[in-house]
Structures are given as structure tokens and as C-alpha cells.
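Trainee: Need coordinates for the following:
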Amino acid sequence: MSDKEQEMRVEISRWCRLRSAPVFIGDYFLADGHSEQTINAAATFVKLGGRYYACTCHHVQDIADKQKVKCEHGRVTLRIMAGKSVLNLSSFRLDGLQTVLNRPEEDDYPIDLCIANISSHWQLLQREKGKEAIDLDDWHEPLWEKIEMGAAAGYSTHGKRRTGKFVETDMPLVIAESHSQLGPQTREFTMRSTLDEPHGIYFSGMSGGPIVGCWDDKYLPIGFVFEGEPSSPRKEASIYAGPNDIFIRGLLLTPDRFAGWLDSISK
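Mentor: Here you go, the predicted model:
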């Protein structure tokens, strides 16, 4: 890798980290604690119409819902940590826990995404974590036909560690070749590469993270991760990916698509 490529990789990694965060699954009141064993995925922050949203995959919320059924109190939620503050993506009412994440549809078909309006909490994320959002109010359309590579980021469930009172999670940046025809009408796309040797990166926990398209010395956001392989060191190689492979599926993001998702939620 050349010095220029390494500099671009560092820049993209920083860009993705500023616009995303780990999202953890656990008790609304932290009764089960917050540790290296806490299950996590990723949330990506998006701005449209002056409002701020946290986006993650629906299958992550589905995991929380299944745990909620199994536990005695039913207080399982998705949460984002902001320093010593906790941003629960749910509200606790007299009739129990209600998620504020909503699943959008396209042509009456639910997609693997959940969206929460976090505008009232955005200053907290800015102040405590220095977060920014993918600004769809000031969108620059990528040169779709020139995108040959994509970079996906998320927060691995493997290798989390405790530093003082905080749990740290690695954010791998995974670069692979685009294997889809990209454009504003694309709904889902695939990235795939095979390396010369095992890379040791696992996609469990990266669902909901941002994907940027890369060409020349430029890059712009193009979507969210909703599937990746290999997922875990404990899982045998799938038909899509072995230890040398990178396989990523993403949902394409544009202002019009995001506005359509929001419209489907509000109906």
C-alpha cells in the first residue's frame, strides 16, 4: 500500500468513526451491566430536513426483541453510550418498553433497516463524542460509474476490552471491490474481494455501519452494511466467504431513498 493510499484509508476511517457508533443490546436501566460481553452492532448517523437520525439494521432490533421475550422484566433495548450518558433507543412507559426505532418499507416490502429520530439528543452526541452526521441536506452525488472499490466500517463484537470504566470496541475498515452496478435506483449492492492470506476480520457487529464508495482520490457515502462474511471465527466458512475472502452486502443511500423510508414509517 502506497503512502497516499494509507493516508486515504486513515482519512476514511476517521470519517466513518465520526458518523457512527457502537449500538449495544441490554437492559434499559443497565441492570445487566455494560461489559466486554455486551452484544453490539453499529449505528450510522444521518441528517435530513434538519433532523438527525440513528440507523441500524432491523435484524439487530430483532435480536433485542427475542431477548426481551426471554427475560423476566422485558426491558431489553438498543443503546448508544455517550461518555457517562446512555442514549436508549426506546422509551419506558407505564405499559412497558417501547422502541423508538422504526422499520421502513420499499414498495410495501420491509427492508433490513431501522431508523430512530434522535434530534433531541443530537447535542449530547456532539458534546460527549464529537459526532457528525451524513448530511443529506448537503448531498454530493457520487460518480457511480467510477466507483470500483468500497470501504465499510462497523464495530466488531470480537476483541472488545475494558479501559477504566469504559468498554472499547474496534472499528475495522474493510475495503473490497464493487460487484454491483451502482446508481440512484440501486437498492442493494455487493462488495467482494479475495486476499492472498487470511485477514482475521469478522463482520459480526458491523451491521448498520456506513459504506463509502471510492474512486481516484475521492470518496463519498453510498450506504449501510446489512450483511458481511466471514461473520465469526467460530463459524465455518459460508458459501460466500472463507478466511481469505471479504463479502459485504449494503443498502444504497441517497436523499430521495431516505426520504422515502421516512415517509413509509410515518404512514
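Trainee: What residues of stretch 175-182 count as buried?
Mentor: By 16 or more other CB atoms under 10 Å, the buried positions in stretch 175-182 come out as 175-176, 178, 180, 182. In this view, the C-beta of every residue, glycine as well, is placed from N, C-alpha and C.
Trainee: Return the distance of the biggest strand by length in the chain from the chain's centre.
Mentor: The strand spanning the most residues in the chain, taking DSSP state E as the definition, is strand 218-229. Strand 218-229 sits 9 Å away from the centroid of its parent chain (CA atoms, centre = their mean, to the nearest Å).
Trainee: ranges for the helices of the stretch 51-200 of the chain?
Mentor: 58-70, 122-129 (DSSP state H, counting those that start in this stretch).
Trainee: Serialize those to CSV and add fields for distance to T44, mean neighbour count and mean pLDDT.
Mentor: As requested, these are exported to CSV (distance: least, CB to CB, whole Å; neighbours: other CB atoms under 10 Å; pLDDT from 0 to 100):
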stretch, distance to T44, mean neighbour count, mean pLDDT
helix 58-70, 12, 16, 89
helix 122-129, 12, 16, 96
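Trainee: Relative to E197, which of those is closest?
Mentor: Comparing the helices of the stretch 51-200 of the chain against E197 with CB to CB, the closest turns out to be helix 58-70 (30.3 Å).
Trainee: Tell me the spacing between A31 and G83.
Mentor: 20 Å (CB to CB, to the nearest Å).
Trainee: returning to what we had before: for the longest strand of the chain, list every residue counted as buried.
Mentor: For strand 218-229, by 16+ other CB under 10 Å, it's 219-229.
Trainee: Tell me which of the helices of the stretch 51-200 of the chain lies nearest to I115.
Mentor: With CB to CB as the measure, helix 58-70 is the member of the helices of the stretch 51-200 of the chain nearest I115 (9.8 Å).
Trainee: re earlier: which strands or helices does the longest strand of the chain pack on?
Mentor: On a contact count with 3 or more CB pairs under 8 Å, 6 or more residues apart in numbering; DSSP states H and E, strand 218-229 meets helix 3-18, strand 149-153, strand 188-194, strand 210-215, strand 245-252.
Trainee: returning to that earlier point: closest one to I246 among the helices of the stretch 51-200 of the chain?
Mentor: In terms of CB to CB, the element of the helices of the stretch 51-200 of the chain nearest to I246 is helix 58-70, at 19.9 Å.
Trainee: What is that closest one packed up against?
Mentor: Applying 3+ CB pairs under 8 Å, 6+ apart, one finds that helix 58-70 contacts strand 20-27, strand 76-82, strand 96-99, strand 114-117.
Trainee: got the angle for it vs strand 20-27?
Mentor: Angle, helix 58-70 to strand 20-27, by axes from the mean of the first three to the mean of the last three CA atoms, to 10 degrees: 20 degrees.
Trainee: relative orientation of helix 58-70 and strand 218-229 in degrees?
Mentor: With the same axes, to 10 degrees defining the directions, helix 58-70 sits at 40 degrees from strand 218-229.
Trainee: okay, the angle between helix 58-70 and strand 76-82?
Mentor: 120 degrees.
Trainee: Please work out which residues outside helix 58-70 touch it.
Mentor: 23, 25, 39, 41, 74-78, 97, 99, 101, 103, 110-114, 207-208, 226 (CB atoms under 8 Å, 6 or more residues apart in numbering).
Trainee: again, only using 10 Å
Mentor: Here helix 58-70 makes contact (CB atoms under 10 Å, 6 or more residues apart in numbering) with 23-27, 39-43, 57, 74-79, 89-90, 96-97, 99, 101-104, 110-116, 205, 207-208, 226-227.
Trainee: which among the residues you listed end up buried?
Mentor: Of these, these count as buried by 16+ other CB under 10 Å: 23-27, 39-43, 57, 75-79, 89-90, 97, 99, 101-104, 111-116, 205, 207-208, 226-227.
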